[in-house]
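Q: Dropping a prediction and its sequence here:
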Amino acid sequence: MASPRYTILISNRDTGSVRRLTVSRRPALAVIAGVMAIPVLIGLGARWSARADIEALQTNAETLQLENDSFRVATGVLSTQITELQSAMVDIGQQAQLDPAAKHAMDNLPAFVRSRAMGGAPAVDPSLARVATSVPGTAAGGTFGILHDLLGVLGSQLESVKAGVERQQALASATPSIWPIVGWLSSTFGARSDPFTGAPEYHPGLDISADYGAPVRATADGTIETAAWSGNYGKAVVIKHGYGISTRYGHLSRLAVSDGQAVHRGDVVGYAGATGRATSTHLHYEILLNGRPVDPLRMLSK
C-alpha cells in the first residue's frame with residue numbers, strides 16, 4: 001500500500017504567492033524523529049565526555065600518587081644518606097683533633113716515616129657523580145638520582161678521608177711525645193764525657209735523674225719487645241711502636257711489664273733505679289728510628 005502523502009502550503013504575505021511542498025509520511029516522521037533525537041544525542045555525548053574526563057582524572061590521580069610515593073621513598077633515602085654523611089663528618093672532625101704534644105712530636109718525625117705511615121688518599125672529586133635513575137620511570141629518577149649518586153660519591157670520599165685520619169691517629173699514638181718520668185735532665189743526647197772515665201763518648205739518649213722507685217711510663221702506644229736485663233742498661237724495657245719507631249728505658253730498679261705485652265701511652269713499664277752501668281738513680285731514655293737513635297728532645301714537649 002502506498003504511503004500517505006502530505007502537502008505543506010507556504011504562503012508569502014507580501015506577494016501572495018503560494019508554494020506547495022509535498023512529502024510522504026515516512027520521511028516526515030524520520031525528520032521529526034531526527035530533530036527530537038538531537039538533544040538526546042547531545043546529552044549522551046556530554047555524558048560520555050564527562051565519563052572520559054573522570055577516567056582521565058582518575059588515571060592522572062593514580063599517576064600522581066605513584067610519583068608522590070616515589071618522591072617520598074627517594075626523599076627518605078636521601079635524608080638517610082645526608083644523616084650518615086653528617087655523622088661521618090662529625091666523627092672525622094673529632095678524630096682529626098690531635099693532642100698538641102703528639103702533633104709536635106709527629107711534626108718532628110723524619111718525612112719518610114710520616115709519608116710511609118700516612119700513605120695517600122684521593123682528593124674529593126664531585127665530578128665522579130653520574131646521572132642515574134634510582135627510581136626508574138618517575139620524575140624522582142632524574143634530580144633525585146643525581147643527588148643520590150653525588151651523595152654516594154661524597155660518602156666514598158669521606159671514607160677515604162676517614163681512613164687517612166685513622167692512619168694519622170695511629171701514627172700519633174705510636175709517636176713518643178711525653179716525658180717518661182718526673183725528674184730533672186742530667187745528661188743530653190750526643191757528645192759528652194764518660195761519667196766513669198771522663199773520656200769523650202757518644203750518648204744515644206737522655207739521662208733523667210729521679211727518685212728511686214719513681215714510675216717510668218711508656219711514651220707512646222706499642223708492644224713490649226723485651227723486658228729483661230740488658231748489659232750496661234741493667235734492667236731495661238724496649239717498646240716497639242710501629243712505623244720503625246721504638247723506645248728504650250734503662251737502669252730500672254724493677255720491671256712492670258713482660259715481653260709481648262701491649263701498652264698505651266702513660267702506662268707504667270718499670271721503676272727508676274741504678275742497675276747496670278750507672279752512677280746514680282736515673283732513667284736512660286732513647287728513641288730509635290729504624291734502629292738508629294735520635295735526639296728525644298726534638299720530639300718531647302717543652
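A: Happy to help now that I have it.
Q: Look up how far Pro39 lies from Asp53.
A: Per CB to CB, to the nearest Å, Asp53 is found 21 Å from Pro39. In this view, the C-beta of every residue, glycine as well, is placed from N, C-alpha and C.
Q: Tell me where the stretch 51-200 of the chain is predicted with low confidence.
A: Applying pLDDT under 70 to the stretch 51-200 of the chain flags the ranges 67-79, 81, 83-97, 118-146, 148, 151-153, 155, 157.
Q: ranges for the helices of it?
A: With DSSP state H, counting those that start in this stretch as the criterion, the stretch 51-200 of the chain has helices at 100-107, 111-118, 143-174.
Q: Go through the first one and flag the buried ones.
A: Read it as helix 100-107. 101-106 (16 or more other CB atoms under 10 Å).
Q: Format the helices of the stretch 51-200 of the chain as a markdown table; extra columns: distance to Gln261.
A: Formatted as a markdown table, the helices of the stretch 51-200 of the chain follow (distance: least, CB to CB, whole Å):
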| stretch | distance to Gln261 |
| --- | --- |
| helix 100-107 | 22 |
| helix 111-118 | 23 |
| helix 143-174 | 16 |
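Q: domain assignment for the chain?
A: Per automatic domain parsing, the structural domains of the chain span 5-63, 74-174, 184-298.
Q: end-to-end on the last one?
A: Start to finish, the residues bounding domain 184-298 are 17 Å apart (CA to CA, to the nearest Å).
Q: For burial, what's the neighbour tally of Arg26?
A: 10 (other CB atoms under 10 Å).
Q: is it fair to say it lies in a helix?
A: Yes: membership of Arg26 in a helix is supported by DSSP: H, G, I helix; E, B strand; the rest coil.
Q: mean confidence for stretch 249-265?
A: Here stretch 249-265 scores 97 as its mean pLDDT.
Q: Name the residues of that stretch that are buried.
A: Of the residues in stretch 249-265, 249-253, 255-257, 263, 265 count as buried by neighbour count, 16+ other CB under 10 Å.
Q: Just give me the closest of those to Leu171.
A: Ranked by distance to Leu171 (CB to CB), the buried residues of stretch 249-265 are led by Arg265 at 12.9 Å.
Q: so who does that closest one touch?
A: Under the criterion of CB atoms under 8 Å, 6 or more residues apart in numbering, the neighbours of Arg265 are 173, 177-178, 217-221.
Q: Most widely separated two among these?
A: Ser173 and Arg217 (14.5 Å).
Q: between these two, who's got more neighbours?
A: Using other CB under 10 Å as the criterion, Ser173 and Arg217 rank with Arg217 on top: 20 against 17.
Q: Just send the buried residues of stretch 249-265 back as JSON lines, with secondary structure and distance to Val294 too.
A: Listed next are the buried residues of stretch 249-265 as JSON lines, based on DSSP: H, G, I helix; E, B strand; the rest coil; distance: CB to CB, whole Å:
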{"residue": "Tyr249", "secondary structure": "strand", "distance to Val294": "16"}
{"residue": "Gly250", "secondary structure": "strand", "distance to Val294": "16"}
{"residue": "His251", "secondary structure": "strand", "distance to Val294": "20"}
{"residue": "Leu252", "secondary structure": "strand", "distance to Val294": "22"}
{"residue": "Ser253", "secondary structure": "strand", "distance to Val294": "27"}
{"residue": "Leu255", "secondary structure": "strand", "distance to Val294": "25"}
{"residue": "Ala256", "secondary structure": "coil", "distance to Val294": "25"}
{"residue": "Val257", "secondary structure": "coil", "distance to Val294": "23"}
{"residue": "Val263", "secondary structure": "strand", "distance to Val294": "21"}
{"residue": "Arg265", "secondary structure": "coil", "distance to Val294": "18"}
